[in-house]
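In: sharing a model that was predicted from the sequence below.
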Amino acid sequence: MADVNPVTVEIIRNALTSVADEMNATLIRSAYTPIIYEMKDCSVALLDADHAVLGQSAGLPIFLGNLEACTKAIEADFGRDVWQPGDVWIMNDPYVTGTHLHDMTVMEPIFNSDQEDCQLLGFATSRAHWLDVGSKDPGGTIDSIDVFQEGLRLAPVKVVEGGVQVESLTEAIAKNSRFYHGAIGDLGAQIACCHTGARRLPEIFDRFGSETLLAARDEIFRQSEQLERDFLRSVPDGEYFAEGTIDSDGIGDEPVAVRTRVTISGDMMHVDLSESDDVCRGPVNCGATQAIAAARVAYKLLVDPNSPPNGGSFRALTVDVREGSVVGAIEPYPVEWYFTPLGLLIDLVVKALSDVIPERAAAASYGDSMVIFLGGVDPETKSPWLHVEPTVGGWGAWNGSDGQDALINNVNGSLKDMPIEVLETKFPLRMRHYGYRTDSSGHGEFRGGVGVEREFELLSDATISTWFERSATPAWGLAGGRDASGPDVIINPGSAEEIHALKASNVSLKKGDTIRTMTGGGGGFGNPKQRDPKLVKDDVAMGVISEAVAENVYGFGA
């Protein structure tokens, strides 16, 4: 293998990351539905021929180190020779990908430009959330009891073969969505995304030569691995445990426990999830691949948060997932809300290690994606419409800073909330209020981030479904910091018909009805009495805390 100088290594590192960024931009700019082009519910990765990550764009952290599992699965099933130039594959089987059926994964093998000596260089991969995949309810289910109620399930299959799109398969996929044109358009965007990577990677190989590029890759991987192992050696050896619960599985009322046992031994971290509760009847289960990805998110934010992930990342991490547990879903258990236990899992890994690496540990975040579904038939266009959106909330404080206010939850990363202008233009909805939720944060020397309060008004008859979590176990504080408030959803607040609906499925509403959603805050850090009085006054001025809390909790009059 050729020696490669540090300057060349950095040029190649950034070139590979730039390819991933360009792929992501192609996907977002080409997508048909707002959940991708506005909210950016997608992720891409560029892989080498051994399925290791060369570059991954900003996207959903929950897919960290996960897209390569899909290309590995195809190769394991069909053999190495299955990869052919001009082919593009698609799949969404949750027991392989670990996610739910809405997340379509599209992959293209990349070959060099030498027609006489055709060699596999790597893979361009993308994953994007499709608005509807034919589940029993529009946009997704709240109360599914098996995967067959959740929509169209695809084993790995070629959607483009030899450069020609398989129209019969494309048509079958689109016909299984309530939004035919959206499915066609978003599939095309993912294919275009992969084509972008398939063009760019050979260009980098041609520019630097295979020997130099692969040597730089190995050095990039070595550096990442060394950084992680060096930090782990500074953490005291030992076994650390934390557990928590989500409210319910969406069918029964019993809480569901997630348990994490973290072992540090030398330069290795092991996360054992096997003590978590058994697989549930309701749709909070997730595939093992995603549970491993969530453990990687927690590991990454604690061990090496500043470097982009690559094939050298996570070599010092092992994860045990028990098959048949809530984080080790087995067929045919439902998986629609697979990410609900994972946000909790990430916080729990941090909590388990908070005493031994307090400088990097934060209090818990508000937790879940807090999703609202609103849909019906537009009275002007007579066409069906569906708005699906997660909601931002507060993140946990840490020793040195308040938590982030009004930020999307930790599994969703770069995902954005819908701009009000887009929402009111595309759907018969009016946003009557959107602002901070006063007194939602966990109090402390450093307060948790605050959640938000939004109020929708319906301009036509519609149905609503909601999935708001972590009301029974809101974000906890650390080092004397207080717990935060949990979420709430109120339909027609203040009226005789007022109801609370944290988890609701297809509730019929009328034109003029209102829905108020409230997300929780993040946990506080440290004794509230030690908070800087100026910061307390600023919080009151911004409406983040009330005057009563300033006086009674922090001990300062506004």
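Out: Right, received. Where do you want to start? If you're wondering where the values come from, they're calculated on a predicted model, not measured in any experiment. Residues are numbered from 1 along each chain as shown.
In: going by residue numbers, what spans are helices in this structure?
Out: Ranges of helices within the chain are 6-30, 34-37, 67-78, 94-97, 167-175, 180-208, 210-233, 288-303, 340-353, 420-426, 533-542, 547-552, based on DSSP state H.
In: just put the ones you listed in a markdown table and tack on mean pLDDT and distance to Ser126.
Out: Quick note: C-beta positions are derived from backbone N, CA and C, even for glycine. Shown next, in a markdown table, are those (pLDDT from 0 to 100; distance: least, CB to CB, whole Å):
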| stretch | mean pLDDT | distance to Ser126 |
| --- | --- | --- |
| helix 6-30 | 96 | 6 |
| helix 34-37 | 94 | 10 |
| helix 67-78 | 96 | 8 |
| helix 94-97 | 95 | 12 |
| helix 167-175 | 98 | 15 |
| helix 180-208 | 97 | 5 |
| helix 210-233 | 97 | 21 |
| helix 288-303 | 95 | 16 |
| helix 340-353 | 96 | 21 |
| helix 420-426 | 95 | 23 |
| helix 533-542 | 96 | 39 |
| helix 547-552 | 96 | 45 |
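In: quick one: closest of those to Glu331.
Out: Ranking the helices of the chain by proximity to Glu331 (CB to CB) places helix 94-97 first, at 5.6 Å.
In: in terms of pLDDT, where does Met1 sit?
Out: With respect to pLDDT, Met1 has a value of 55.
In: most packed of the helices of the chain?
Out: Mean neighbour count (mean count of other CB atoms under 10 Å) peaks for helix 340-353 among the helices of the chain, with a mean of 27.
In: and the angle from it to helix 288-303?
Out: Angle, helix 340-353 to helix 288-303, by axes from the mean of the first three to the mean of the last three CA atoms, to 10 degrees: 40 degrees.
In: what's the burial count for the residue lying closest to Cys280 once chain neighbours are set aside?
Out: Spatially, and ignoring its direct neighbours in sequence, Cys280 is nearest to Asp249 (3.7 Å; CB to CB, 6 or more residues apart in numbering). Counted with other CB atoms under 10 Å, residues neighbouring Asp249 total 27.
In: ok, now Asn285?
Out: Neighbours of Asn285 under the rule other CB under 10 Å: 30.
In: may I have the phi/psi pair for it?
Out: Dihedral pair for Asn285: phi -80, psi 150, per degrees, to the nearest 10.
In: residue ranges with poor pLDDT in the stretch 451-558 of the chain?
Out: Along the stretch 451-558 of the chain, the parts satisfying pLDDT under 70 run over 557-558.
In: could you check how far the residue nearest to Cys280 is from Glu380?
Out: 39 Å (CB to CB, to the nearest Å).
In: cool, and Leu214?
Out: Separation of Leu214 from Glu380 (CB to CB): 57 Å.
In: got it, and Pro358?
Out: In terms of CB to CB, Pro358 sits 56 Å off from Glu380.
In: who has more neighbours, those two?
Out: Pro358 (13 against 8).
In: mind listing what the more buried one touches?
Out: Pro358 makes contact with Asn399, Ala479, according to CB atoms under 8 Å, 6 or more residues apart in numbering.
In: pull the distance from stretch 188-207 to the chain's centre.
Out: Centroid separation between stretch 188-207 and its chain, computed with CA atoms, centre = their mean, to the nearest Å, is 24 Å.
In: what's the neighbour count on the nearest residue to Ser460 once chain neighbours are set aside?
Out: Residue nearest to Ser460 in three dimensions, not counting chain neighbours: Pro428, with 4.2 Å by CB to CB, 6+ apart. If you count neighbours by other CB under 10 Å, Pro428 ends up with 21.
In: and the pLDDT for Pro428?
Out: Looking at Pro428, its pLDDT reads 97.
In: against Val388, how distant is it?
Out: According to CB to CB, Pro428 and Val388 sit 15 Å apart.
In: since we're on His433, how many residues are nearby?
Out: 12.
In: measure the residue nearest to it when sequence neighbours are not counted to Tyr366 for me?
Out: The shortest distance from His433 to any non-neighbouring residue, by CB to CB, 6+ apart, is to Glu455 (4.2 Å). Glu455 sits 19 Å away from Tyr366, going by CB to CB.
In: so for these two, which residue has more residues nearby?
Out: When neighbours are counted by other CB under 10 Å, Glu455 and Tyr366 differ, and Tyr366 comes out ahead with 41 against 17.
In: contacts only, for the more buried one.
Out: 393-395, 409, 449, 451, 470, 474-475, 484, 487, 519-522.
In: and for Arg315?
Out: For Arg315, the contact set (CB under 8 Å, 6+ apart) comprises Glu225, Glu228.
In: can you pull the pLDDT of it?
Out: Reading off the model, Arg315 has pLDDT 97.
In: so Ala192 sits against Leu27, correct?
Out: Yes - when contacts are counted by CB atoms under 8 Å, Ala192 is listed as touching Leu27 (7.3 Å).
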